[in-house]
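Participant: the following block contains a protein sequence and its predicted model.
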Amino acid sequence: MSESTNDPAAGADEADAVRTALTEALGSDDYDVVADATDRLPDGEEVRLVSAAVRGRPNQVASVAFDSAGTVRPRRELDARAGRPLFLPDLGLPAGRIAVDRPAVVIDPPSNTWTLPKCAVQKETVTVTVPPFGGPPKADVYLLADTTLSMVTVLAAVAAGSTAIVNDPSLGGYDIAWGVGNYRDFPIRAGVNSYAFQHQLSPTTNTVDATLAIGTWTAAEGSDGSEGQLHALERIANDPAIGWRPDSRRILVWFGDAPGHDPICAAISGLGADVTEASATAALAAAGITVVAVSTTTGFPGGLDDDPTVSVFDYTGACPVGGTPGQATRIVAGAAPGGSLTTGVNAGAIVATLSALIATAVSTIGSLALVPTGAIAEFVTSVAPPSYGPLAGDVEHVLPFEVTWSGDRECGDKDQVFTGSLDVVADGVVVAGKPVTVTVPACRWHHSVEMVCGEQRPDRHEPDDDCETVVDGRYATAVTIYNPTSCPIRIEKRFAALVRQGRPVGREPDKQPARPFARIVLEPGEATMDDCCSLREVAGPTGGPLVLGVLDIVADGRLEVTAIHTARGYGDAPTGASISTRAVQPRRA
């Protein structure tokens, strides 16, 4: 016989009785003691419960209770004498909910109004301040348990502490809904497994229903060591019957003591396709589910992360035997952000561990992003960084985002107004936002006229340089502007000087902006004029050395514009004058 060194040995007779009872219950004397708990009856008598598992078969478990004299007693008898369930941990957890005011997430600036004509670009820094416990106000917490036989002591402890778990005061500031389910394994047949996954309760805020569902967990079946949790994980992610609330953060709290078969092939499950670690992880990520995993000490040495090929005799001949150690670590990392894996948890620590992990998961923000929504989304070309996280829930976070807005819409006959918002999205839930309005201004009419003013003479300092912008002479330009419509037309005038005082300042590769210098309104039937004298504000003196550039007459209606160019020879004996006119064809932009 092989047995653990922690096998009770209070006395030879007592130890013999326990060994005999465990051997009979297990059908083997090659076992390890996996739990040894003590409790007291009302009269002060100490009683003990010893649990053992056959080596290599963690689901082949038995428990033996005995009194202070070392006599084996039915556990129900001792519970009846005590008037309560014995051998459950003293959790010391409170059982009341405390209402907590939730602080608001702040976004600065709190709103935006942009005017974005075609190709315009605007940049802004948006700062999001997340106060402590300022994450998503609603969370769905789904408790998923391994209920195979090796989990007997852990399940009993969770059942005893379920009220404390769901009423944890640290969750008082949140709207928590609780879902419940459990898993065993395939194949499903008498004497092996009654089911592979049992969905018991969709997320509900009724904590009584949640504790009742947890209380139905019974440790049984399982057969070989590896279990069917990959099927359970994929179902929880994909099955609409699970009932996740659409506006809540989704948290799966999963605890067990063994890795999962990989793959669970269609031949053994009867499903339409194989279930693998990769398919289950991808489903969890797509559904936005954060996984909080707890590995207990009641089964495999490595728990959920152990080698899934070690004990797979139920699958031999039916499915390929695969998978590698580290399943739970990879699943947690591949699901939605903010998850965790805790290992080495025994029955005495399971409830306190679950409570702490749930509180942390609910308050922690796995990923926080700034997301444009509504009609303004098309104008946001980049947000940097794309997201922040994970973010601890018990401290303030000040998070800057650099947002680039770009005009990408063609103008129309009227101003186009688009509304929407920049939303702060934490783990798929909108926790703040600011309204945004983007206006694409109506098309305007551009009447572009070349202006040539002043005198061009040979350069005495460089007589051999025959390069010239215009031929030698004296030039003037007049522009007539007439409103032929029945509506007033607003006009803005801009001028880009390319030659100033005889010196080229806009010859390629040099460039010059068109600078605004006048605004007027032409009533129906009114006319006005610009000439070289009008340009002095933006071009300087225009009666001396040559000034050349582009006059842009920008109007909210179509005008009749005519350019009149005159020229004559320079000097004391000028040649004859010339005059030309042209109608300016406007461009709408």
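Facilitator: That came through fine.

Participant: so Ala139 sits against Arg249, correct?
Facilitator: Yes. With contact defined as Cβ atoms under 8 Å, Ala139 and Arg249 form a contacting pair (4.5 Å). Just so you know, the C-beta spots here come from the backbone N, C-alpha and C atoms, and that holds for glycine as well.

Participant: where in this protein is pLDDT low?
Facilitator: Along the chain, the parts satisfying pLDDT under 70 run over 1-14, 89-102, 459-465, 571-574.

Participant: settle it for me: which of Ala139 and Arg249 has more neighbours?
Facilitator: Arg249 (28 against 25; other Cβ atoms under 10 Å).

Participant: show me where the stretch 201-350 of the chain has helices.
Facilitator: 207-215, 229-238, 266-269, 277-286, 327-334, 350-363 (DSSP state H, counting those that start in this stretch).

Participant: about what we covered before: anything in contact with each of Ala139 and Arg249?
Facilitator: Val362 (Cβ atoms under 8 Å, 6 or more residues apart in numbering).

Participant: that older thread, out of the helices of the stretch 201-350 of the chain, which one sits most buried?
Facilitator: helix 229-238 (a mean of 25; mean count of other Cβ atoms under 10 Å).

Participant: so how far is that one from its chain's centroid?
Facilitator: Computed by Cα atoms, centre = their mean, to the nearest Å, the chain-centroid distance of helix 229-238 equals 21 Å.

Participant: hmm, back to that, relative to Val64, which of the helices of the stretch 201-350 of the chain is closest?
Facilitator: helix 350-363 (21.6 Å; Cβ to Cβ).

Participant: from the chain's centre, how far out does the closest one sit?
Facilitator: 22 Å.

Participant: you'd agree Pro136 is up against Arg250?
Facilitator: No. Using Cβ under 8 Å, Pro136 is not in contact with Arg250, being 10.0 Å away.

Participant: quick one: which of those two has more around it?
Facilitator: Arg250 (27 against 24).

Participant: if we can go back for a sec, want to throw the helices of the stretch 201-350 of the chain into a markdown table with distance to Leu559?
Facilitator: Below are the helices of the stretch 201-350 of the chain laid out as a markdown table (distance: least, Cβ to Cβ, whole Å):
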| stretch | distance to Leu559 |
| --- | --- |
| helix 207-215 | 74 |
| helix 229-238 | 64 |
| helix 266-269 | 75 |
| helix 277-286 | 58 |
| helix 327-334 | 64 |
| helix 350-363 | 64 |
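
Participant: so which of those helices comes closest to Val471?
Facilitator: helix 277-286 (72.9 Å).

Participant: with just CA atoms, put the closest one into PDB.
Facilitator: C-alpha atoms of helix 277-286 as PDB (Å, rounded to 0.1, in the frame of the first residue of the first chain):
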ATOM      1  CA  GLU A 277      -8.100  25.000 -26.900                       C
ATOM      2  CA  ALA A 278      -7.700  27.400 -29.900                       C
ATOM      3  CA  SER A 279     -11.400  27.400 -30.800                       C
ATOM      4  CA  ALA A 280     -12.600  27.900 -27.200                       C
ATOM      5  CA  THR A 281     -10.100  30.700 -26.700                       C
ATOM      6  CA  ALA A 282     -11.100  32.400 -29.900                       C
ATOM      7  CA  ALA A 283     -14.800  32.200 -29.000                       C
ATOM      8  CA  LEU A 284     -14.100  33.800 -25.600                       C
ATOM      9  CA  ALA A 285     -12.200  36.600 -27.200                       C
ATOM     10  CA  ALA A 286     -14.800  37.300 -29.800                       C
END
